[in-house]
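**Student:** 3D, please:
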Amino acid sequence: SIVSILFTCLFIIDASPSLNVIFFALFNSLFIFAFFISIPVATIINLFYFNMNYKMIRYTLGFILAFEAAFMLVPLLTALIFKEFFEFWMFLISAAICFAVGRLLIWKRPKNTTLYAKEGFITVSLVWIAMSLVGALPFYLSGEIPSYVDALFETVSGFTTTGATILNDVESMSHGLLFW
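**Tutor:** Residues are numbered from 1 along each chain as shown. Presented below is the predicted three-dimensional model:
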């Protein structure tokens, strides 16, 4: 039924380009609802309802956050090459926060490293949320996107490659943030 609704909306958009904005807003609203409401609620319910290997979930989440901190070093170097020293420090602070949180989570390796499907689903959900929350820090700390919610939207849009943006002039941002 969802596919038929999408095809119907695409037919309407093809027939009337003015409805393109309405469809885009509806699609984004559904995406935001799915990402920020239904996934966290399902994650919380699954965390407390099922008997799971919480230590392995914690360890995996920390490991991925440490990798994200390493990935932040590439735009950090880009900012340094283009002599954007303020953005350099914002990426350094963001990477340090991300690495510290990740390192705290992987402080002790769990004895039971078995990861079943239910732990995998929860881990993927938590990783998406945590990576998005931490990935928004460079945008917010630099001040180029003054609202953390807008920075979070840009980050989720970038990580999911949806192409949606809240920025009017993307090219006016610093090179380091454009690379991020």
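
**Student:** please make it C-alpha for all contacts and neighbour counts, starting now.
**Tutor:** OK.

**Student:** so where's this structure shaky on pLDDT?
**Tutor:** Applying pLDDT under 70 to the chain picks out residues 1-50.

**Student:** which residues touch stretch 118-138?
**Tutor:** By C-alpha atoms under 8 Å, 6 or more residues apart in numbering, the surrounding residues in contact with stretch 118-138 are 39-40, 43, 46-47, 52-54, 57, 60-61, 64-65, 68, 87, 90-91, 94, 98, 148, 151-152, 154-156, 159, 177.

**Student:** if we use 6 Å, what do you get?
**Tutor:** For stretch 118-138, the external contacting residues (C-alpha atoms under 6 Å, 6 or more residues apart in numbering) are 43, 57, 61, 90, 91, 94, 151, 152, 155, 156.

**Student:** and it, which residues are buried?
**Tutor:** For stretch 118-138, the buried set under the neighbour-count rule, 16 or more other C-alpha atoms under 10 Å, comprises 119, 122-123, 125-138.

**Student:** figure out how far that stretch is from the centre of its chain.
**Tutor:** Between the centre of stretch 118-138 and the centre of its host chain there is 7 Å, according to C-alpha atoms, centre = their mean, to the nearest Å.

**Student:** got the CA coordinates for it in CSV?
**Tutor:** Output for stretch 118-138, consisting of C-alpha atoms alone and laid out as CSV, is shown next (Å, rounded to 0.1, in the frame of the first residue of the first chain):
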residue,chain,number,x,y,z
LYS,A,118,18.0,-8.7,18.2
GLU,A,119,21.2,-7.2,19.5
GLY,A,120,22.2,-6.3,15.9
PHE,A,121,19.0,-4.4,15.3
ILE,A,122,19.3,-2.5,18.6
THR,A,123,23.0,-1.8,17.9
VAL,A,124,22.3,-0.4,14.4
SER,A,125,19.5,1.8,15.7
LEU,A,126,21.7,3.2,18.5
VAL,A,127,24.7,3.7,16.2
TRP,A,128,22.6,5.7,13.8
ILE,A,129,21.2,7.9,16.6
ALA,A,130,24.6,8.3,18.3
MET,A,131,26.5,9.0,15.1
SER,A,132,24.0,11.6,14.1
LEU,A,133,24.0,13.3,17.5
VAL,A,134,27.8,13.5,17.6
GLY,A,135,28.1,14.2,13.9
ALA,A,136,26.1,17.4,14.3
LEU,A,137,28.6,18.8,16.7
PRO,A,138,31.0,20.4,14.1
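
**Student:** circling back: between the contacts of stretch 118-138, which sits nearest residue 109?
**Tutor:** Of all the contacts of stretch 118-138, residue 57 has the smallest distance to residue 109: 10.9 Å, by C-alpha to C-alpha.

**Student:** count of neighbours near the residue nearest to residue 82 when sequence neighbours are not counted?
**Tutor:** Counting by C-alpha to C-alpha, 6 or more residues apart in numbering, residue 82 lies nearest to residue 175, which is 7.1 Å off, once chain neighbours are set aside. Here the number of neighbours of residue 175 (other C-alpha atoms under 10 Å) works out to 19.
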